[in-house]
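Asker: Next input, structure requested:
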Amino acid sequence: MSSPSSFEELSSAIASLSKSEVKRRLKNFKGMRLDFTERYLNGQSTDKLRHMLLAAMTTRMRRI
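Answerer: Below is the predicted model:
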C-alpha cells in the first residue's frame with residue numbers, strides 16, 4: 001500500500017458497494033485463495049463482508 005490516502009480511497013470505494021457486489025468480489029478474488037460458501041456469505045452482514053474484502057485487498061497490496 002503506497003499511502004494512507006490510498007487506503008482511505010480503497011475503504012471508501014468498498015464502503016459504497018452493495019452486499020451482492022461485495023459477495024461477487026470475494027468469490028472472484030484474485031491474489032489469494034478465498035473459499036466461502038454462498039450460505040456463509042449470505043449469513044454475514046454487509047459491513048462484515050466489506051471488512052473481509054478490505055482485509056483481503058490490503059493483504060494482497062502488501063505482497064505486491
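
Asker: Tell me which residue is most central in this structure.
Answerer: Centroid check for the chain by Cα atoms, centre = their mean gives Leu53 as the closest residue, at 1.2 Å.

Asker: so where's the chain shaky on pLDDT?
Answerer: Counting by pLDDT under 70, the chain contains low-confidence residues at 1-4, 64.

Asker: and the longest helix for it?
Answerer: If you go by DSSP state H, the chain has its longest helix at helix 46-63.

Asker: For that helix, which outside residues touch it?
Answerer: By Cβ atoms under 8 Å, 6 or more residues apart in numbering, the residues outside helix 46-63 that reach it are 1, 7, 10-11, 14-15, 17-19, 22-23, 25-26, 29, 31-32, 34, 41, 44. For glycine as for every other residue, the C-beta is placed from the backbone atoms N, C-alpha and C.

Asker: how many other residues sit next to Ile14?
Answerer: Ile14: 18 surrounding residues under other Cβ atoms under 10 Å.

Asker: Sorry, slip of the keys, the one I care about is Leu34.
Answerer: Leu34, neighbours per other Cβ under 10 Å, totals 14.

Asker: Give me the subset of the contacts of helix 46-63 that lies in helices.
Answerer: Among those, the members found in helices (DSSP H) are Phe7, Leu10, Ser11, Ile14, Ala15, Lys19, Val22, Lys23, Arg25, Leu26, Leu41.

Asker: Leaving out sequence neighbours, find the closest residue to Phe29.
Answerer: Ala56 (5.8 Å; Cβ to Cβ, 6 or more residues apart in numbering).

Asker: Tell me how far that neighbour lies from Leu26.
Answerer: Per Cβ to Cβ, to the nearest Å, Ala56 is found 7 Å from Leu26.

Asker: Ok, Asn42 next?
Answerer: Asn42 sits 12 Å away from Leu26, going by Cβ to Cβ.

Asker: cool, Thr58 as well?
Answerer: Separation of Thr58 from Leu26 (Cβ to Cβ) stands at 14 Å.

Asker: One more: Ser5?
Answerer: Relative to Leu26, and taking Cβ to Cβ, Ser5 is found at 25 Å.

Asker: who has more neighbours, those two?
Answerer: Leu26 (18 against 8).
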